[in-house]
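Trainee: Here is the input, now give the coordinates:
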Amino acid sequence: MMMPKVIYELLPYVCMVGGLAEVTYFKTIMTTGSGLLFYGAGALMWILRSNHRRTDPQAGRKLVNDNQSFYELKPFFLIAIGVLLFTWLNTWMALPLSALTAMLGTYIIVLRSMHRRKKVSFSRHSL
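Mentor: Numbers count the residues shown, from 1 in each chain. This is a model prediction of the structure:
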């Protein structure tokens, strides 16, 4: 059975936002763990789709073979740590730190998605 394309494309984002919303709204250990698992499932879906859809040549990629899984998960860890700091250490000192870590993780995700797009180059002979 095929899923509609709109639902299929939004599924990782819904999982990640839903997991982070669960972590911030309910402040118990069980719901935090459940929200982090939900967020992690969305992050893994995003990573698998991103790697499968890459169009850049493999020769031009950085060699990060030793810690490839940590490299892929690093921005999602940063966002989760920022949300956890905001939720559990709700003090004036933790708020700027949580905002910075979440923004850094978001920045890394945006950079990666921009660099993994197909680069189109035109030459005089292709037209």
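Trainee: C-terminal to the helix of greatest length in the chain, what's the next element?
Mentor: When secondary structure is assigned using DSSP state H, the longest helix within the chain turns out to be helix 29-52. Next along the chain after helix 29-52, taking DSSP states H and E as the criterion, comes helix 68-88.
Trainee: wait, what's in contact with the residue positioned nearest the centre of the chain?
Mentor: Nearest residue to the geometric centre of the chain (CA atoms, centre = their mean): Phe76, 4.6 Å. Taking CB atoms under 8 Å, 6 or more residues apart in numbering, we find Phe76 in contact with Met16, Tyr39, Gly40, Ala43, Trp46, Gly105, Ile109. For every residue, glycine as well, the C-beta is placed using N, CA and C.
Trainee: and these as JSON lines, adding neighbour count, pLDDT and distance to Met3?
Mentor: Converted to JSON lines, those look like this (neighbours: other CB atoms under 10 Å; pLDDT from 0 to 100; distance: CB to CB, whole Å):
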{"residue": "Met16", "neighbour count": "21", "pLDDT": "94", "distance to Met3": "18"}
{"residue": "Tyr39", "neighbour count": "23", "pLDDT": "95", "distance to Met3": "21"}
{"residue": "Gly40", "neighbour count": "17", "pLDDT": "94", "distance to Met3": "21"}
{"residue": "Ala43", "neighbour count": "22", "pLDDT": "93", "distance to Met3": "19"}
{"residue": "Trp46", "neighbour count": "20", "pLDDT": "89", "distance to Met3": "16"}
{"residue": "Gly105", "neighbour count": "20", "pLDDT": "94", "distance to Met3": "28"}
{"residue": "Ile109", "neighbour count": "18", "pLDDT": "90", "distance to Met3": "23"}
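Trainee: Next, count neighbours for Leu111.
Mentor: Burial of Leu111 is recorded as 11 neighbouring residues (other CB atoms under 10 Å).
Trainee: on contacts alone, who are the packing partners of the helix or strand it falls within?
Mentor: For Leu111, the host element (DSSP H and E) is helix 94-115. Counting contacts by 3 or more CB pairs under 8 Å, 6 or more residues apart in numbering; DSSP states H and E, helix 94-115 packs against helix 68-88.
Trainee: returning to what we had before: could you export the longest helix of the chain as PDB, keeping only the C-alpha atoms?
Mentor: The C-alpha trace of helix 29-52 is given here as PDB (Å, rounded to 0.1, in the frame of the first residue of the first chain):
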ATOM      1  CA  ILE A  29      11.100  11.000  32.600                       C
ATOM      2  CA  MET A  30       8.800   8.600  30.700                       C
ATOM      3  CA  THR A  31       7.500  11.300  28.300                       C
ATOM      4  CA  THR A  32      10.900  12.700  27.800                       C
ATOM      5  CA  GLY A  33      12.300   9.300  26.800                       C
ATOM      6  CA  SER A  34       9.300   8.600  24.600                       C
ATOM      7  CA  GLY A  35       9.700  12.000  22.900                       C
ATOM      8  CA  LEU A  36      13.400  11.500  22.300                       C
ATOM      9  CA  LEU A  37      12.700   8.100  20.700                       C
ATOM     10  CA  PHE A  38      10.000   9.700  18.500                       C
ATOM     11  CA  TYR A  39      12.500  12.500  17.600                       C
ATOM     12  CA  GLY A  40      15.200  10.000  16.900                       C
ATOM     13  CA  ALA A  41      13.000   8.000  14.600                       C
ATOM     14  CA  GLY A  42      12.300  11.200  12.600                       C
ATOM     15  CA  ALA A  43      16.000  12.100  12.500                       C
ATOM     16  CA  LEU A  44      16.900   8.600  11.200                       C
ATOM     17  CA  MET A  45      14.200   8.900   8.500                       C
ATOM     18  CA  TRP A  46      15.600  12.200   7.500                       C
ATOM     19  CA  ILE A  47      19.200  10.900   7.400                       C
ATOM     20  CA  LEU A  48      18.300   7.800   5.300                       C
ATOM     21  CA  ARG A  49      16.300   9.800   2.800                       C
ATOM     22  CA  SER A  50      19.000  12.500   2.600                       C
ATOM     23  CA  ASN A  51      21.700   9.900   1.900                       C
ATOM     24  CA  HIS A  52      19.500   8.000  -0.600                       C
END
